[in-house]
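Participant: need a structure here:
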Amino acid sequence: MTDAVPVAPAVTVSVDESEAPARDFAAFFRVVEVVDADFLVGALFRRRFSTDSFPGSPKHFVAFYKGTDGTLLPLGYVHFEIWEGQAMGGGLVIDERLYRRMPSGDRDLIRANGGVAEALLRASIALLPDDLIGIWGYVGDKQAEKVDLRVGFRHTGRPHLMVIWRNEPDDAGKAYWIERAEAYGPF
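Facilitator: Numbers count the residues shown, from 1 in each chain. Okay, the predicted model is just below:
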């Protein structure tokens with residue numbers, strides 16, 4: 001005879017609150033740096049990037065959506081690998097399924113704040129160390145490029161490579177770091 005372990009029943013979370021009263025953006029959207037992002041957004045990352053892996057070493061940032069019942073749900077993810085005084089950004093993903101189930105008023109507020117990707121990038125970049133030389137993006141998608149430009153990234157003259165200079169070097173320093181970031185490869 002084995003001892004049975006009681007299992008809590010599955011909880012179904014519904015965020016379709018179309019008649020919910022209007023809320024302040026900060027009341028339901030928050031970006032947090034987390035250690036174990038795989039636990040929170042690993043399935044989302046794997047589904048959206050069609051991969052079996054999850055980034056292990058970078059700084060992980062998760063955008064949470066807070067339903068009117070207080071339930072916290074991971075809405076998006078991005079990571080930054082800190083490398084030689086630079087932050088190499090990547091892995092940005094949004095849970096479009098959750099987004100579509102949100103109350104329309106909350107979606108309207110998210111759009112008014114630039115959308116999930118823009119709000120996630122702005123908040124996560126603000127949480128990065130101040131002493132970085134540059135924050136880099138490797139961008140191959142036109143929509144992602146538009147979002148990155150609104151956040152402050154600039155083209156480098158190299159395919160897919162964009163940067164925000166946080167502690168801007170002189171022209172020779174910029175050329176050096178652009179070469180190094182390009183050599184770093186897709187991130």
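Participant: show me what contacts V32?
Facilitator: Contact analysis of V32 by CB atoms under 8 Å, 6 or more residues apart in numbering lists 61-62, 64. Where you see a C-beta, it was placed from the backbone N, CA and C, and this is true even at glycine.
Participant: okay, the residues you listed in TSV with secondary structure and pLDDT next?
Facilitator: Formatted as TSV, these follow (DSSP: H, G, I helix; E, B strand; the rest coil; pLDDT from 0 to 100):
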residue	secondary structure	pLDDT
F61	strand	98
V62	strand	98
F64	strand	98
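Participant: I'd like these laid out as TSV, including distance to L44 and neighbour count.
Facilitator: Output for the contacts of V32, formatted as TSV (distance: CB to CB, whole Å; neighbours: other CB atoms under 10 Å):
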residue	distance to L44	neighbour count
F61	13	26
V62	10	22
F64	13	17
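Participant: of these, closest to P159?
Facilitator: When the contacts of V32 are compared for distance to P159 (CB to CB), F61 comes out closest, at 25.8 Å.
Participant: and D69, that's in a helix?
Facilitator: No. Judged by DSSP: H, G, I helix; E, B strand; the rest coil, D69 forms no part of a helix; its state is coil.
Participant: how far away is it from I94?
Facilitator: 22 Å (CB to CB, to the nearest Å).
Participant: which one of those two has more residues nearby?
Facilitator: I94 (18 against 10; other CB atoms under 10 Å).
Participant: surely the more buried one touches L75?
Facilitator: Yes. Using CB atoms under 8 Å, I94 is in contact with L75, at 6.8 Å.
Participant: who touches both of the two?
Facilitator: Joint contacts of I94 and L75 (CB under 8 Å, 6+ apart) are V116.
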